[in-house]
Each structure stands twice: as structure tokens, then as C-alpha cells.
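In: using only what follows, build the 3D model:
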Amino acid sequence: MGGCAPKMSGTVTSRSLAWVSLLAATVTLFWSYTLPTVEFTQLASEPEIYSIWGGIEMLWLDDTPVLAAIVFLFSMVFPIGKLLVLSALLRRPRHAPAPQRTLLWVELLGKWSMLDVLIVGMFVGSIRLQLGPSVQLARGESHPGIVMFAGAIVISMLCTRLTARCSSPRGRGTGTEAGAPPPSAPGVPSASPERAPRAELPARLVSLAAGASLAAGLALPLFAVSKGFIFRNEVQLPATAWRMLQEQELVLAVSLLMFVVTLPVARSLNALWLRWRGAGPRGYRLAAALDEWAMLDVFALGLLVVSIKLEQLATTALLAGFWFTLAAAALAQLDAWMLRRDARRF
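Out: Next up, the predicted model:
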């Protein structure tokens, strides 16, 4: 077949869709850099409005150069670099060998560009200091720039999947017969009729500890924000995201609920199923896909940035949920590594 993948609707190939998504991600990303992303208002003060670059500059001027460097790396260097790499991959001849290692790194690092979205989401959700319904001591509000930026990152992640499909032997129309199973994610076997044996006790304990830590991190407050003896606000992730939905902060709320709650929970449940029941290659391919999109690790880094920044605005106390979330992120990474290792048994 001449295209890099089976044709969709008779005319559109994965390669053409990848180019369209790459163009859309590029335009949306650079447009987002020109727009304001967040507004911060304090009582008796003028509103402070920041773009992505303005937020980086603010962190630098507030004597937090490490935070400024982290946000700059994940909000500007990574997204732009990823688009350049995807462009280079799509320009390769269709018969050229697939650079699977490059694709693997692009997939693993792509989600970290969502760091700024999650930081703004938690910042907006945490800054709700008010006296009664009418007097607000402090408030954070999102602007269109962060919506555009989130859209650009998600589109670029979809472009990565389309590019990986184009680079697979089946996608190029060589080396695999029609009707064969779809290619697996990097590092995961492509096909086997066998089921993996049930996991050993240490692997089960890691999966169980990761799931329990995640449940505790979601159930318990992450931190408390207070202003003197007047106001104290405990921030719990699901409740904060739900309140943001009611306040029409839809993109930020959906990003938190999808990438930090729903997908990490699904990843944990799938890992527990694999550990206790065993599964064939499809279960491990699902685990690899969930690892690519679940962003608990990105959120954990964002929590550190938010907690440090909030300390400059109000009194911030880290609570049990914060530490359970960090533990869950670390254990999920260990669990994912062990799953990839186990997948090589096929």
C-alpha cells in the first residue's frame, strides 16, 4: 500500500493526519505564547496578569530560579523541541527504518509539557481566599492562553501516536501481513497468544502500594492555605476540580480530572489486574498506553512548584495527601518499569 498506514475513509492516511495535527499543534502552541494564561487578584491591589513567559519571568524575579528553569524547560524547550523532532520524523522516506528509540523518548517526555497547565490548574484552584460571598482576599483565574497551550500539548501527543503508526512496519505497508495485530508501544511485545504468569510477591506489593498511595492522595487534603487567623482553605484534588467545574474553569478542571485522577486510577487498576490475574500482550500494551497519558508524576512536580509559590502569597501547610501523592507518583514509576520488564517474557 502506498500510504504509511491503511487509508481512513478511503483517502486520509495516518501520515497526512500526522502532518495536519503537527501544523495545528505548532500554530496553537505559538499562539498560546502570545496570550495571557492566568490572572491573580488580591484585595486592594491591581490584578496581575501573566503569560507563560511572564510567569517564568515572575518566578525568576521572585528569587526562585530553579522553578523558573523547570517551567521554562517543560513549557517552552520541550514542546518546541518535540515539534521539531516530529517534523523530522515525518519527513523521513516511508521506506526508511523506524527510529524507535527516538519515538520512545518523544512519547515518554511529551506529557511533561503539561506541567504548566497542571500548575495553573492547582494555583487557580488553591487561591480562593474570601470573607463571605462578597469580599475576596485573593483569587486566581485562568485566561485563554492556558487553554490554547493545553490544546497544543494534547494535539502534539496525538501527533506522536500517528507518527509512531507511520513509522511501524505495518504502517509503512511492509513486513507485516494485512490483518496482523497492531504494533505495540515501544518496549512491549507485539503479539503472543500466551498469558503471562502471575507476578511474584514483590511486584504485587509495589502495585498494591502504588494504588493505595494514589487512593490516599486523592482522598486526603494536599495542603492548607491560610491568611492569618481569618481564612483557611484545605485543598483536596477531586473536590477542588469539581468546584472549578462549577466555576466554569472547564479546561483546567477536566485536565486535572482526566490526567491526574481518571487515567492514573485506570493505570493502577490495570496494573493490579496484570499482577493478580496475568494477561497477554494486550494487557501490557494497555499499560504502556496508560503510562503515556497518566500524568501523576507531572502533577507531583507541579505540586512542588505550587506549594513553593503559594508560600510567598499565604501561609501554606503541607498535609498528608501531598506526601501520599508524591509516594504514589514514585511507586507508579517503579511499577511501570517492572511491568515493562515483565512484558519481555513473551
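
In: relative to Leu318, how far out is the residue most central in space within the chain?
Out: With distances taken as C-alpha atoms, centre = their mean, Met295 lies nearest the centre of the chain, 3.7 Å away. Distance, Met295 to Leu318, using C-beta to C-beta, to the nearest Å: 20 Å. C-betas here are computed from N, CA, C, even on glycine.

In: what does Val298 give?
Out: Applying C-beta to C-beta, the value for Val298 to Leu318 is 19 Å.

In: so those two - more neighbours on which side?
Out: Neighbour count, other C-beta atoms under 10 Å: between Val298 and Leu318, Val298 has more, with 22 against 16.

In: wait, the more buried one touches Val117, no?
Out: No: using C-beta atoms under 8 Å, Val298 is not in contact with Val117, being 9.1 Å away.

In: neighbours of Val66, just the number please.
Out: Neighbour count for Val66, taken as other C-beta under 10 Å: 10.

In: contact partners for it?
Out: Contacts for Val66 (C-beta atoms under 8 Å, 6 or more residues apart in numbering) come out as none.

In: per-domain residue ranges of the protein.
Out: Split into domains by automatic domain parsing, the chain comes to 7-172, 189-346.

In: what about Val261, how many neighbours?
Out: Residues within reach of Val261, counting by other C-beta under 10 Å, total 18.

In: distance of it relative to Thr13?
Out: Counting by C-beta to C-beta, the gap from Val261 to Thr13 is 35 Å.

In: got it, and Ala24?
Out: 17 Å.

In: of the two, who's got more company?
Out: Per other C-beta under 10 Å, whichever of Ala24 and Thr13 has more neighbours is Thr13, with 20 against 16.

In: the stretch 201-346 of the chain: helices as residue ranges?
Out: Applying DSSP state H, counting those that start in this stretch to the stretch 201-346 of the chain gives helices spanning 201-219, 237-246, 250-256, 263-277, 281-293, 296-311, 320-343.

In: which stretch among those comes nearest Thr160?
Out: helix 281-293 (8.6 Å; C-beta to C-beta).

In: tell me which other helices or strands the closest one touches.
Out: Secondary-structure packing of helix 281-293 (3 or more C-beta pairs under 8 Å, 6 or more residues apart in numbering; DSSP states H and E): helix 100-110, helix 263-277, helix 320-343.

In: list the buried residues of that helix.
Out: Neighbour counts over helix 281-293 (16 or more other C-beta atoms under 10 Å) mark Pro281, Gly283, Tyr284, Arg285, Leu286, Ala287, Ala288, Ala289, Leu290, Asp291, Glu292, Trp293 as buried.

In: what is the orientation angle of the one helix or strand Gly121 maps to with helix 237-246?
Out: When secondary structure is defined by DSSP states H and E, Gly121 falls within helix 115-126. Relative orientation of helix 115-126 and helix 237-246, computed by axes from the mean of the first three to the mean of the last three C-alpha atoms, to 10 degrees: 80 degrees.

In: which residues does helix 115-126 contact?
Out: Contacting residues not belonging to helix 115-126 are listed as 37-38, 52, 55, 70-71, 74-75, 140-142, 146, 149-150, 153, 223, 225, 233, 235, 240-241, 243-244, 249, 252-253, 255-256, 259-260, 295, 298-299, 301-303, 305-306, 309-310 [C-beta under 8 Å, 6+ apart].

In: restricting to C-alpha, output it in CSV.
Out: This file holds the C-alpha atoms of helix 115-126, laid out as CSV (Å, rounded to 0.1, in the frame of the first residue of the first chain):
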residue,chain,number,x,y,z
LEU,A,115,3.3,20.7,33.7
ASP,A,116,2.4,24.4,33.2
VAL,A,117,-1.3,23.5,32.7
LEU,A,118,-1.4,21.5,35.9
ILE,A,119,0.5,24.2,37.8
VAL,A,120,-2.0,26.8,36.7
GLY,A,121,-4.9,24.5,37.5
MET,A,122,-3.7,23.9,41.1
PHE,A,123,-2.8,27.6,41.5
VAL,A,124,-6.3,28.7,40.4
GLY,A,125,-8.0,26.0,42.5
SER,A,126,-6.0,26.8,45.6
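
In: how far out from the middle of the chain is that helix?
Out: The chain centroid and the centroid of helix 115-126 are separated by 12 Å under C-alpha atoms, centre = their mean, to the nearest Å.

In: same deal with stretch 275-283?
Out: Centre-to-centre, stretch 275-283 and its host chain are 25 Å apart (C-alpha atoms, centre = their mean).

In: endpoint to endpoint, it covers what distance?
Out: With C-alpha to C-alpha, to the nearest Å as the measure, the first residue of stretch 275-283 is 11 Å from its last.
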